[in-house]
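Asker: test case, fold it:
(2 chains)
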Amino acid sequence: MMSSLIKKLGGGFVLAMYSMLANADYALNLQKPESAIADQIFNLHTITMWIIVGIAVVVYGAMFYSILKHRKSVGHKAANFHHNTMVEIVWTTIPFIILIAMAYPATKTILAMRDTSASVMTIKVTGYQWKWEYDYPQEGFKFMSVLSTPRDQIENKAAKGENYLLEVDNPMVAPVGKKIRLLFAANDVIHSWWLPAFGIKQDAIPGFIKDSWFTADKVGTYRGQCAELCGKDHGFMPIVVEVKEQADYDKWVVEQKAKAAASKDTGKDYSLAELSQMGEKVYATNCAGCHQAKGEGMPPVFPALAGSKVVNGPKEAQIHIVMNGKPGTAMPAFGNQLSDTDIAAVITFTRNAWGNKAGDVIQASEIKASRK
Amino acid sequence: MEHGHDHHPSGIMRWVKTTNHKDIGTLYLLFSLVMFFFAGILAMCIRLELFQPGLQFFQPGTFNQLTTMHGLIMVFGAIMPAFVGFANWQVPLMIGAPDMALPRLNNWSFWLLPVAATLLVASFFVPGGAIAGGWTLYPPLYMQQGISGDMTIFAIHILGMSSILGSINIITTIMNMRAPGMTYMKMPLFVWTWFITAYLLIAVMPVLAGAVTMMLTDRHFDTHFFNAAGGGDPVMFQHIFWFFGHPEVYIMILPAFGIISTIIPTFARKPLFGYSSMVYATASIAILSLLVWAHHMFTVGMPTAAQLFFMYATMLIAVPTGVKVFNWIATMWQGSMTFETPMLFAIGFVALFTLGGFTGIVLAIVPVDIALQDSYYVVAHFHYVLVSGSLFAIFAGAYYWLPKWTGHMYNETLGKWHFWLSMVGFNVAFFPQHFLGLAGMPRRIPDYALQFADFNMISSLGAFLFGATQLLFVIVVIKCIRGGAKAGNKPWEGADTLEWTVPSPAPYHTFATPPTVK
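Answerer: Have a look, this model is predicted:
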């Protein structure tokens, strides 16, 4: 136990010391701003810091001067003054004036941040436990964005990649130089969409729509994370935004539309093997976070699916839970997240994996029927 | 002056049945010390997991339990009871009263605490584990908690009752039992700060009790106060919670101001500068603290006018807080200072609390707050005001009054080691967290991206040093209780409050005949 602890800590320590030597550019400040608002935030922070440094020099200067000079050990005799109205008025008034000077530019930035008018397009961002959905209502498609860092890296079984925990399967994509309005909502609990480079942090609150906006300065990939504790995998729902030239963006939109059309439910019936194969992928993305890779769950919070009464019982009950979720728990309603085929596939998969022997096949048509 | 003799039952029943303010003060302080170490161990686990990227020791669900319970227990189990312990010991002694005004109520206020603590600690062992949605208890996430969610709500009810009863007692004592001649504007500043704190507690604890009760009925009776699907609003909980939560911050710092304002004049051998402005500043801070709650919620998307109002009100608090810092420095100025352990912790307090105040101003600026909200910058900020603020003041006060409580001087060498190691460990642990927050590391995550690795490792090393150093404090206290150089009535040359007119250790009953204050 102890030796493994030392190995774990010691190895990491040596590695970190080495990386500190090798990699001298520490981040000591806000991330590089890539939008007009982020720029203003950066400048506000800089101004505030310099004012504070100025005050600190005076305050700490007086304090440490006094500590050095006005001590008994150097024979300083105590004076006996205990108030001075003039001085007290001065040091109440001066901070007041400094604060007003700081409040003025801050107010201007707030007003700019809140002005979502005259945007050219809207993207609706919805937080789920623990992924983001990006909806392009004007284009008519939406998709889920899920952490793509392999589990092995998180569990220290594989070397960590460059964008460890800051990479997703489907990033949000936006055109450069256009004012884009973002709408925020959440499906289950409160999340917060934080993209430092654009100076945006907006809580996504179930039942309410909030808004924000950005205009990206240049093409690139920008990364952020959920900022509001939203349960177990709060640390594992990153945000990635790819900013493209308008032409590339248009091309991307066409691709997405084609993809959306292709994945529309065809009403086709699949075999057990086909469904299980599709379902395994759906399971890995949407279910394994709680119910775990081998269906063992994390009882009692996240029940096991292997050997579960529901999964091995009548299929109607399982369809109901998957479609509508389970109130009061983290089990979401997948009915409005996944396609009929995906739901049919994942239910079929769970009913025939890890020793579960329901043996039946659920087709998309049954899911469709259950939506009525 | 007459002091009664030591008539009290012995053994465990002395402590269970006691109505003596000194016994109850001791109970509060010991309780707080135990909870401090419990919540401290949780913090060590957090820093252990964050020592390097990847998951090593705790699964994310468990990690969230650690952060949540660390916060909840430190606030309600360690810091608040410690200050009530000081109030119990010192308020009667400093105003020349024989005891608290309501001694039986006092006993009850204390003995509620172990019940609440048992509920909180036991919640780790129920199905699903302790609550894991943050000490702020935000719904809808809180609705996903198991039985521990209900246990925590009841624990908060009990803690709230204890605080309200304790506050009533403190207010009643201060209003009615001051020695003849001690007008309000002659009360020691520690008494003043607790007087104001007690009013704040009575103003806001019922609000918290209301909020968690609404949550309880949401959980079990489908009331939907905080559920948008039923016509409620999850953000309403945040408003109610922070209407309690922000004054709570000042509940944990105003008594600290009082302790520091007592210690600095003693060791500067010079009267407190600007006594009356200190009193007014304390009152202003208390009133303003009721008007700034939504600065904890700048990212929820409230109306622009509300953002502006709460930004201006928050910035305004810097003025009376600044006045306090200036007054402390003016008290040191031209003094004849010595640097015993209480003074070291007091100076550490002024230096580092001021730093926490500076980052508070940064966070008050709404656009900057939006960049830093829920990041490690905030974690650094509130640890600077709560650890190097409240906790350092508690240590300062403990070293200052230990001779009066035990009759022995503590070990000065060990005390100084405790201070300097705490100072180094604390800053190594928390200063780098400012950089982590600026660079974009969210708080409350069990694993992080690789660019945050170096500062997290440094922070963990500092935290381990700080944590281990606190064992020194226990050693000093135990040694001091067991023996040591005899402390006279007044071991500190510059002290001038009434507790130093009675023998050390303070007899079981003091001021049976009230002293006269000129």
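Asker: burial of residue A:321, as a residue count?
Answerer: Using other CB atoms under 10 Å in any protein chain shown, residue A:321 has 15 other residues around it. No exception for glycine: its C-beta is placed from N, CA and C like everyone else's.
Asker: can you tell me the helix or strand for it?
Answerer: helix A:315-324 (DSSP states H and E).
Asker: which non-adjacent residue is nearest the residue of the stretch 101-250 of chain A found nearest chain B?
Answerer: For the stretch 101-250 of chain A and chain B, the shortest gap (CB to the nearest CB) falls at residue A:207, measuring 2.0 Å. Closest residue to residue A:207 apart from its sequence neighbours, by CB to CB, 6 or more residues apart in numbering or on different chains: residue B:228 at 2.0 Å.
Asker: any idea of the pLDDT on that neighbour?
Answerer: At residue B:228, the predicted lDDT confidence score is 92.
Asker: what sits against it?
Answerer: Shown in contact with residue B:228 (CB atoms under 8 Å, 6 or more residues apart in numbering or on different chains): A:205, A:206, A:207, A:208, B:234.
Asker: now those as JSON lines including distance to residue A:216 and pLDDT?
Answerer: Shown next, in JSON lines, are the contacts of residue B:228 (distance: CB to CB, whole Å; pLDDT from 0 to 100):
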{"residue": "A:205", "distance to residue A:216": "25", "pLDDT": "96"}
{"residue": "A:206", "distance to residue A:216": "28", "pLDDT": "95"}
{"residue": "A:207", "distance to residue A:216": "30", "pLDDT": "93"}
{"residue": "A:208", "distance to residue A:216": "26", "pLDDT": "95"}
{"residue": "B:234", "distance to residue A:216": "31", "pLDDT": "96"}
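Asker: ok, back up a step: from the contact counts, what lies against the helix holding residue A:321?
Answerer: When contacts are defined as 3 or more CB pairs under 8 Å, 6 or more residues apart in numbering or on different chains; DSSP states H and E, helix A:315-324 packs onto helix A:309-312, helix A:340-351, helix A:364-370.
Asker: tell me which residues form a beta bridge with the residue nearest to the spatial centre of chain A?
Answerer: By CA atoms, centre = their mean, the mean C-alpha position of chain A lies nearest to residue A:226, the distance being 2.3 Å. Residue A:226 has these beta-bridge partners by DSSP bridges: residue A:193.
Asker: what residues are up against it?
Answerer: Contacts of residue A:226 (CB under 8 Å, 6+ apart): A:127, A:130, A:132, A:191, A:192, A:193, A:194, A:234, A:237, A:238, A:239, B:442.
Asker: give me the residue from chain B nearest chain A.
Answerer: Counting by CB to the nearest CB, chain B gets nearest to chain A through residue B:228 (2.0 Å).
Asker: rewinding a little: give me the buried positions along the helix holding residue A:321.
Answerer: A:315, A:318, A:319, A:322, A:323 (16 or more other CB atoms under 10 Å in any protein chain shown).
Asker: that older thread, would you reformat the contacts of residue B:228 as JSON lines and include neighbour count, distance to residue A:139 and secondary structure?
Answerer: JSON lines is the format used below for those (neighbours: other CB atoms under 10 Å in any protein chain shown; distance: CB to CB, whole Å; DSSP: H, G, I helix; E, B strand; the rest coil):
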{"residue": "A:205", "neighbour count": "25", "distance to residue A:139": "25", "secondary structure": "coil"}
{"residue": "A:206", "neighbour count": "19", "distance to residue A:139": "25", "secondary structure": "strand"}
{"residue": "A:207", "neighbour count": "17", "distance to residue A:139": "26", "secondary structure": "coil"}
{"residue": "A:208", "neighbour count": "17", "distance to residue A:139": "24", "secondary structure": "coil"}
{"residue": "B:234", "neighbour count": "25", "distance to residue A:139": "30", "secondary structure": "helix"}
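Asker: can you pull the poorly scored residue ranges out of the stretch 151-300 of chain A?
Answerer: The stretch 151-300 of chain A contains residues with pLDDT under 70 at A:263-267.
Asker: got the residue ranges for the helices in it?
Answerer: Along the stretch 151-300 of chain A, counting by DSSP state H, counting those that start in this stretch, helices occupy A:151-154, A:246-262, A:272-286, A:288-291.
Asker: out of the ones you listed, the one nearest residue A:357 is which?
Answerer: helix A:272-286 (12.1 Å; CB to CB).
Asker: in that closest one, what's buried?
Answerer: Neighbour-count burial for helix A:272-286 flags A:275, A:276, A:278, A:279, A:282, A:283, A:285, A:286 (criterion: 16+ other CB under 10 Å).
Asker: now for that helix, which elements pack on it?
Answerer: helix A:340-351.
Asker: tell me where the stretch 101-250 of chain A has strands.
Answerer: A:121-128, A:131-136, A:141-145, A:172-175, A:179-186, A:191-195, A:200-204, A:210-215, A:220-226, A:238-244 (DSSP state E, counting those that start in this stretch).
Asker: as JSON lines, the ones you listed with distance to residue A:357 would be great.
Answerer: Below are the strands of the stretch 101-250 of chain A laid out as JSON lines (distance: least, CB to CB, whole Å):
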{"stretch": "strand A:121-128", "distance to residue A:357": "31"}
{"stretch": "strand A:131-136", "distance to residue A:357": "31"}
{"stretch": "strand A:141-145", "distance to residue A:357": "31"}
{"stretch": "strand A:172-175", "distance to residue A:357": "41"}
{"stretch": "strand A:179-186", "distance to residue A:357": "38"}
{"stretch": "strand A:191-195", "distance to residue A:357": "38"}
{"stretch": "strand A:200-204", "distance to residue A:357": "41"}
{"stretch": "strand A:210-215", "distance to residue A:357": "47"}
{"stretch": "strand A:220-226", "distance to residue A:357": "38"}
{"stretch": "strand A:238-244", "distance to residue A:357": "38"}
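Asker: sorry, back to before: now, which of the buried residues of helix A:315-324 sits nearest chain B?
Answerer: Closest approach to chain B among these (CB to the nearest CB): residue A:323, at 16.5 Å.
Asker: quick one: distance of the helix holding residue A:321 to the chain centre.
Answerer: 29 Å (CA atoms, centre = their mean, to the nearest Å).
Asker: and what of stretch B:495-510?
Answerer: With CA atoms, centre = their mean, you get 25 Å for stretch B:495-510.
Asker: now it: mean pLDDT?
Answerer: The pLDDT scores in stretch B:495-510 average 93.
Asker: which residues are contacting that stretch?
Answerer: B:1, B:3-8, B:20, B:22, B:90, B:92-96, B:98-99, B:179, B:188, B:262, B:265-266, B:401, B:403-407, B:486-492, B:511, B:515, B:517.
Asker: buried residues, it. List them.
Answerer: Using 16+ other CB under 10 Å as the test for burial, stretch B:495-510 gives B:495, B:497, B:498, B:499, B:500, B:502, B:504, B:505, B:506, B:507, B:509, B:510.
Asker: distance of residue B:224 from residue B:34?
Answerer: Residue B:224 sits at a distance of 39 Å from residue B:34 (criterion: CB to CB, to the nearest Å).
Asker: kindly report the same for residue A:60.
Answerer: Going from residue A:60 to residue B:34 by CB to CB gives 36 Å.
Asker: repeat for residue B:440
Answerer: Applying CB to CB, one obtains 37 Å for the distance of residue B:440 from residue B:34.
Asker: of the two, who's got more company?
Answerer: residue B:440 (27 against 14).
Asker: is it true that that one touches residue A:222?
Answerer: No - counting by CB atoms under 8 Å, residue A:222 is not a contact partner of residue B:440; they are 10.7 Å apart.
Asker: flag every residue of the stretch 51-200 of chain B that's near chain A.
Answerer: B:51-56, B:59-61, B:64, B:127-129, B:132-134, B:138, B:140-141, B:143-144, B:146 (CB under 8 Å from any CB of the partner chain).
Asker: and for residue A:366, the neighbour number?
Answerer: 16.
Asker: got a pLDDT number for the closest residue to residue B:178 other than its chain neighbours?
Answerer: Leaving aside its chain neighbours, residue B:178 sits nearest to residue B:95 (4.6 Å; criterion: CB to CB, 6+ apart). At residue B:95, the model reports a pLDDT of 96.
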